[in-house]
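Engineer: Kindly return the folded structure for what I paste below:
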Amino acid sequence: MAAPTLDSSAKPQQITMAKAINAGLRAAMDADPKVLVMGEDVGKLGGVFRITDGLQKDFGEHRVLDTPLAESGIIGTAIGLAIRGYRPVCEIQFDGFIFPAFDQIVSQLAKLHYRSQGKLKMPIVVRVPFGGGIGSVEHHSESPESYFAHTAGLRVVSCSNPVDAYWMIQQAIDSDDPVLFFEPKRQYYSSKAELDTSITPQPLHTSRVLRSGAHATLASYGPSVKVCLDSAAAAAQDGIDLEVIDLRSLSPLDLDPVYASVRRTGHLVLVSESPGEASLNSEIVSRVSQECFYSLQAPVLRVNGFDTPYPPSKLEEDFLPDLDRVLHTVDRSLAW
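Structural biologist: As a prediction, the model looks like this:
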């Protein structure tokens, strides 16, 4: 018998993102015996970030599988399981380790539903701890989301807080399409949020306005959302009112809240840790320029990681978008 999930009748509780994802996985596994968890060290160890802690003990080795160190094999095996009616949740231990599985994801996982004329569904979630800020090296601090947002046949989402993490992992598992689920690893234990399991969650593929503002719009996802919120709080002390939007869904994009915001503020700054060249932010710039051309009072500006491989840990704070870079870019936009 599995351990109980969070009690929906209890008072809202404070929870970290790590605990929220664990609880979301438990809820999904309780609800459907076809949900499996698989990956490197996800069983006995509970994952390197302890996200799957206790799941193998409670659900058994037949539902929480420790795999070999072979990402291509993990995804290939999950595809076979999905064909047989299972709903695998695959953990890629670190973002940079996903590339050995790239062929399976792009050539098989993304295409089988289309190739089979809808006869084969691919209800697979690929969990990817991503982003920097943990003092690690390349292959452990990447932001590869743009590769997958570009790939037709995949859904791509990223949570930025514990409450979204709890609901979004369950919604991703419920999807009959493959979902790349990007988790900001530096947010796993950085803070807690109040989780009320009795509410109706927001649909998976939607953006959300986190803070209303009148002077300029900040839009981001995953680990950079907190940077935007901190920047907005700092700007408010100088009388600058910034709106903050969490994109949440990277493919498909829900840009209607962004369009509505830009039509009011006239200014948009996009923030992401990924390199800026041919990035997801580039696509958003294009769409906003097309839809909101006559509302823009300045070009859409971006704050990205630099177009280099991820640097040594002692330089990562210079590489990652921070409050100073965001506020400097807001100032440039407002001064246009």
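Engineer: Okay, and Asp318 sits in which element?
Structural biologist: Asp318 is part of helix 316-319, with elements assigned from DSSP states H and E.
Engineer: swap that for Ala18, sorry
Structural biologist: With DSSP H and E as the test, Ala18 turns up in helix 17-31.
Engineer: before we move on, back to that, could you give the average pLDDT over the helix holding Asp318?
Structural biologist: On average, the pLDDT along helix 316-319 is 92.
Engineer: next one: the helix or strand just after it to chain centre, how far?
Structural biologist: Where DSSP H and E defines the elements, the next helix or strand beyond helix 316-319 is helix 323-334. Between the centre of helix 323-334 and the centre of its chain there are 24 Å (C-alpha atoms, centre = their mean, to the nearest Å).
Engineer: ok, back up a step: show me what the helix holding Asp318 is packed up against.
Structural biologist: In terms of contacts (3 or more C-beta pairs under 8 Å, 6 or more residues apart in numbering; DSSP states H and E), helix 316-319 is not packed against any helix or strand. (Glycine included, C-beta is placed from N, CA and C.)
Engineer: And that helix, what's buried?
Structural biologist: For helix 316-319, a neighbour-count test (16 or more other C-beta atoms under 10 Å) marks Glu316, Phe319 as buried.
Engineer: Centre of the chain to that helix, how far?
Structural biologist: 21 Å.
Engineer: which outside residues touch that helix?
Structural biologist: Helix 316-319 has contacts (C-beta atoms under 8 Å, 6 or more residues apart in numbering) with Gly132, Gly133, Gly135, Ser141, Gly305, Phe306, Thr308, Tyr310, Pro311.
Engineer: Dump it to PDB, restricted to CA.
Structural biologist: Taking C-alpha atoms only, helix 316-319 is exported to PDB below (Å, rounded to 0.1, in the frame of the first residue of the first chain):
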ATOM      1  CA  GLU A 316      28.200  31.500 -13.000                       C
ATOM      2  CA  GLU A 317      26.800  34.600 -11.100                       C
ATOM      3  CA  ASP A 318      28.200  36.700 -13.900                       C
ATOM      4  CA  PHE A 319      26.600  34.400 -16.500                       C
END
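Engineer: before we move on, the earlier item: tell me what the helix holding Ala18 is packed against?
Structural biologist: Using 3+ C-beta pairs under 8 Å, 6+ apart, helix 17-31 sits against strand 35-39, helix 55-59, helix 162-174, strand 179-184, strand 193-195.
Engineer: how about the second one: buried residues?
Structural biologist: Of the residues in helix 55-59, those buried by neighbour count under the rule 16+ other C-beta under 10 Å are Leu55, Gln56, Phe59.
Engineer: would you list the residues you listed in TSV and tack on distance to Leu255?
Structural biologist: Formatted as TSV, the buried residues of helix 55-59 follow (distance: C-beta to C-beta, whole Å):
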residue	distance to Leu255
Leu55	36
Gln56	40
Phe59	39
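Engineer: which among those residues gets closest to Arg332?
Structural biologist: Distance to Arg332 across the buried residues of helix 55-59 (C-beta to C-beta) is lowest for Leu55, with 47.1 Å.
Engineer: and the closest residue to the closest one other than its chain neighbours, how many neighbours?
Structural biologist: Counting by C-beta to C-beta, 6 or more residues apart in numbering, Leu55 lies nearest to Val64, which is 4.7 Å off, once chain neighbours are set aside. Using other C-beta atoms under 10 Å, Val64 is surrounded by 24 other residues.
Engineer: pretty sure Val64 is touching Leu45, no?
Structural biologist: No: using C-beta atoms under 8 Å, Val64 is not in contact with Leu45; the gap is 11.0 Å.
Engineer: Let me see the confidence value for the residue nearest the centre of the chain.
Structural biologist: The C-alpha lying nearest the average C-alpha coordinate of the chain belongs to Ser158 (C-alpha atoms, centre = their mean; 1.5 Å). pLDDT recorded at Ser158 is 98.
Engineer: measure it to His113 for me?
Structural biologist: With distances taken as C-beta to C-beta, to the nearest Å, Ser158 is found 22 Å from His113.
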